[in-house]
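> Need coordinates for the following:
(one chain, ligands or ions: 1)
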Amino acid sequence: MVEGLYFHIPFCSNKCPYCDFVSFVSAPSEEYLDLLKREIELYSDLEFDLRTIYFGGGTPSLVPVQLWKRFFKLLNLEGVQEITIECNPENYRREDFEELLSLGVNRLSFGVQSFSERNLRFLGRWHSSVDSIRAVHQAHLAGFENISIDLIYGLPGQGLRELKEELKVVKDLPITHLSAYLLTPYEDTLFGKLWQQGELKLPSDQEIEEMFLFLSDELSSMGFIHYEISNFAKEGFECKHNLIYWTHREFLGLGVSAWSFVNRRRFGNYKNLELYKNSLLKGVKPVDKEEVLEGEELLKDYFFVALRTRYGVPRSFLNSVPEELREFFFEDEHSIRLTKRGWLLINEVLIKLI
Ligand code: SF4
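Numbering: from 1, shown residues only. Next comes the predicted model:
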């Protein structure tokens, strides 16, 4: 039963030097939204018990509200509890947020990344910290009660003092959720190339550990629950859509490069816009890759996502954890889960575990 729907809107105003998402520097077109409509129709054979819808990107907030209005007419929102749109802080104004709310959107996720002008320039962002603060307040005044922001940490030269300054701004914002991502120099990004050439100096592992623990402690003291490695929420505001991913429930991803998990199959769409479009124009699902998960593979996949969360996996799996890894786990009567140090070393722990 498909519980979550993800739409990928792969258009951006610029390409950020750290970004490895599939995105094109261009304005979103009505034609692309029409392709998404065609794609949904090809999945009418699936069973849905839809709880969440998520528009990610790319930059979904480049889509004019008028186009959203037309698109939303096609969606059956009955039973849907959470509809999120990712926004860049410079795109929408209060009137736009009001219109989105009236369409049924009830969660916004802002790509703030930093409140330091120096860091924003370094990250290639084209909004200011004032834009971010204004956007969050305008969304809140428009009536949004569930607002998330993304921050990036682990920047060159960044220390705890600078992070503390970022959190001072966070403290005064009417937000319910925060995602804090470690800057990672992915291959095929500008930062990845600079890092490989030794031209980008990132903090040491020890400095990263200090920042991670600092963020976790400070945000906890501000009332946020650290419920997934990179995610913090006020009680009751955990992202329902992402919890579908992390608890191995079924979701359908639509759009260029989107991934799905349905009937134990993980499948991903073409990353190339032309291939995606041509497939749909022929009435064929634009799936490029797929993998059927069975037995041990399914279990590994489950561990991989579930151990990212504070809910962990059922205690019955305790016997699968070798003695040497037990120090990285908490256990209670129902579950086992990683400690914060376990989260920091999750890749190493998972390799040994599975
Ligand atoms: S980080 Fe966001 S805004 Fe920047 S290029 Fe990637 S998807 Fe676009």
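
> I'd assumed residue 276 was in contact with residue 270.
Yes - between residue 270 and residue 276 a contact is recorded at 4.4 Å, counting by C-beta atoms under 8 Å. Using the backbone N, CA and C atoms, a C-beta is placed for each residue, glycine as well.

> Can you check which residues contact both of those two?
Counting by C-beta atoms under 8 Å, 6 or more residues apart in numbering, the contacts common to residue 270 and residue 276 are 256, 286.

> Show me how far the top strand by length along the chain is from its chain's centre.
Taking DSSP state E as the criterion, the chain has its longest strand at strand 48-57. Counting by C-alpha atoms, centre = their mean, to the nearest Å, strand 48-57 is centred 13 Å from the centre of its parent chain.

> Could you see whether the ligand lies near it?
Yes - interface with the ligand: strand 48-57 contributes residue 57 (C-beta under 6 Å from any ligand atom).

> Please name the residues that touch the closest residue to the ligand within the stretch 201-350 of the chain.
When scored by C-beta to the nearest ligand atom, the stretch 201-350 of the chain has residue 257 as its residue closest to the ligand, at 11.3 Å. Counting by C-beta under 8 Å, 6+ apart, residue 257 makes contact with 8, 10, 21-22, 268-271.

> Just give the nearest non-adjacent residue to it, would you?
residue 22 (3.8 Å; C-beta to C-beta, 6 or more residues apart in numbering).

> burial measure for that neighbour, as a count.
When neighbours are defined as other C-beta atoms under 10 Å, residue 22 has 19 of them.

> ok so, going back, what angle sits between the helix or strand that the longest strand of the chain is followed by and strand 48-57?
Note on strand 48-57: by DSSP states H and E, the next helix or strand toward the C-terminus is helix 65-72. In terms of direction (axes from the mean of the first three to the mean of the last three C-alpha atoms, to 10 degrees), helix 65-72 departs from strand 48-57 by 160 degrees.

> hmm, back to that, who has more neighbours, residue 270 and residue 276?
residue 276 (24 against 20).

> that's a strand at the residue nearest to residue 257, yeah?
No - assigned with DSSP: H, G, I helix; E, B strand; the rest coil, residue 22 falls outside any strand and is coil.

> Tell me the gap between stretch 62-79 and the middle of its chain.
Distance, centroid of stretch 62-79 to centroid of chain: 21 Å (C-alpha atoms, centre = their mean).

> surely the residue nearest to residue 257 meets residue 268?
No - in this structure, residue 22 is not within contact of residue 268 by C-beta under 8 Å, at 10.2 Å.

> name the element the closest residue to the ligand within the stretch 101-250 of the chain belongs to?
Closest residue of the stretch 101-250 of the chain to the ligand, C-beta to the nearest ligand atom: residue 111 (5.5 Å). Using DSSP H and E, residue 111 falls within strand 107-113.
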